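> fold the following.
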Amino acid sequence: MTGSSRRHRVAVLALGGVQPMEVGMPFQTFGLHDSRYDVILCGRSAGPVETLHGWSLTAPHGLDEVVTADTVIVPAYGNSELGTPPDATPDVREALREAHSRGARIATICTGAFALASTGLLDGLRATTHWLLTDELARRHPRIQVDPGALYVDNGSLLTSAGVASGIDLCLNLLRRDCGAATATSIARVMVAAPHREGGQAQYVTRPPAPPNRTGLSATLEWALHRLDTPLTVAELARHAAVAERTFARMFTEQLGISPMKWLTAARVSRARELLETTDAGIDHIGQACGLGTPANFRHHFRVATGTTPTDYRRTFSSRTADDLVGGAPARSGSAAQPPARRVLPGSPTSGGAASARA
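Numbers count the residues shown, from 1 in each chain. Modelled structure (predicted):
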């Protein structure tokens, strides 16, 4: 689109139970570059569209404008917050297919992916949605290669994004494609948003490493969780469970759906995330305390699990950062602000820990 004088029409399609925050994202992103874009709001028909929160917004346009748009963006919709949305109605499916056949690119935010998936256009392609619903998307549409870790997936004319704030990442990506990196970065600054976020949505996923109260191996799992700083083996776990090693491995996989060593690695990474968020311990020390070994090994397993580095994860999720943003009153004039107290990991340096090693 760079260099073209024609205004690019973006149709935001609000379906029943639409998430109003996500409706506003394209208007904010593309509206700040109003010399290139016309952004319009559409519903299945012109008129009121009920939002997720029970109040209505008014869509001036219907599906006829969706069909002729250059870009169509479908925000999250459905009957409840993060509830599984229904497939798109036949008229919406037909409008999306026709828009795509005419050359439009179609992008979805969060659960909007379910509407696009129901058209069949995503079959054989990678796609994503909010991490809480990626399994459901894969179950309902097995021909789609669902990527639970991506913030957004760009297939050229078909794009999907993860939950809520990932819609901003998606819109900035479209802007970057259309107008170049400099323009996208400039608009991101005005929005006080990151032009490009490191890592994927895996870093936001909260998944406990084990359900100890749901399995006959609960005592062994609890025992292992208190010894993550030691080089545990399957043989040691089996010995604690008082069964043969092969029997233990089979029982473990049957009851938890994962191998013992993969579970151990996930538990170690989960512990590392907690320590990065709540302590000032150095990166290298945390790797050792969680049993992930050398700094290189720690960084490798952490990036595989979360899609980002330990240092970037700490920068995003550190409780010091959160306390600074939502915490106490500002310091009085002439006095120094005191940082919130943070736990120090036993055996770790008491100062400079966060900067002692960079991921």
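> from residue 184, how far off is the residue nearest to residue 164 when sequence neighbours are not counted?
With sequence-adjacent residues excluded and distances taken as C-beta to C-beta, 6 or more residues apart in numbering, residue 164 is closest to residue 110, at 5.9 Å. Just so you know, the C-beta spots here come from the backbone N, C-alpha and C atoms, and that holds for glycine as well. Noted for residue 110: a distance of 21 Å to residue 184, by C-beta to C-beta, to the nearest Å.
> residue 258: neighbour count?
Residue 258: 15 surrounding residues under other C-beta atoms under 10 Å.
> with residue 36 instead?
Residues lying near residue 36 (other C-beta under 10 Å) number 18.
> would you confirm that it contacts residue 174?
No. Using C-beta atoms under 8 Å, residue 36 makes no contact with residue 174, being 11.4 Å away.
> shared neighbours, these two?
Common neighbours of residue 36 and residue 174, using C-beta atoms under 8 Å, 6 or more residues apart in numbering, are residue 30.
> circling back: higher neighbour count, residue 110 and residue 184?
Set residue 110 next to residue 184 and count neighbours by other C-beta under 10 Å: residue 110 wins out with 30 against 22.
> next one: residue 135 from residue 122, what distance?
From residue 135 across to residue 122, the span is 16 Å (C-beta to C-beta).
> what about those two, which has more around it?
Shown here are residue 135 and residue 122; by other C-beta under 10 Å, residue 122 has more neighbours (24 against 11).
> grab the nearest non-local neighbour of that one.
Nearest one to residue 122, counting by C-beta to C-beta, 6+ apart, is residue 144 at 4.9 Å.
> kindly report the same for residue 268.
Excluding the flanking residues, the one nearest residue 268 by C-beta to C-beta, 6+ apart is residue 290, at 4.4 Å.
> quick check: phi and psi at the one you found.
Taking degrees, to the nearest 10, you get phi -100, psi 0 for the backbone angles of residue 290.
> got the contact list for stretch 115-127?
Counting by C-beta under 8 Å, 6+ apart, 13, 15, 74, 77, 85, 87-88, 92-93, 96-97, 100, 106, 108, 113, 137, 140-141, 143-147, 150, 153, 155, 158, 160 sit against stretch 115-127.
> whoops, stretch 136-154 was the one
84, 87, 113-114, 117-118, 122-129, 131, 134-135, 159-162, 166, 169-170, 173, 197, 199-202, 205, 307.
> from the residues you listed, which land in helices?
Counting by DSSP state H, the part of those found in helices is 113-114, 117, 134-135, 166, 169-170, 173.
> ok so, going back, surely the residue nearest to residue 268 and residue 266 touch.
No. Using C-beta under 8 Å, residue 290 makes no contact with residue 266, being 11.2 Å away.
> with neighbour numbers in mind, choose between those two.
Just comparing residue 290 and residue 266: by other C-beta under 10 Å the higher neighbour count belongs to residue 290, 24 against 17.
> show me the contacts for the more buried one.
Neighbouring residues of residue 290 by C-beta under 8 Å, 6+ apart: 228-229, 268-269, 271-272, 275, 298.
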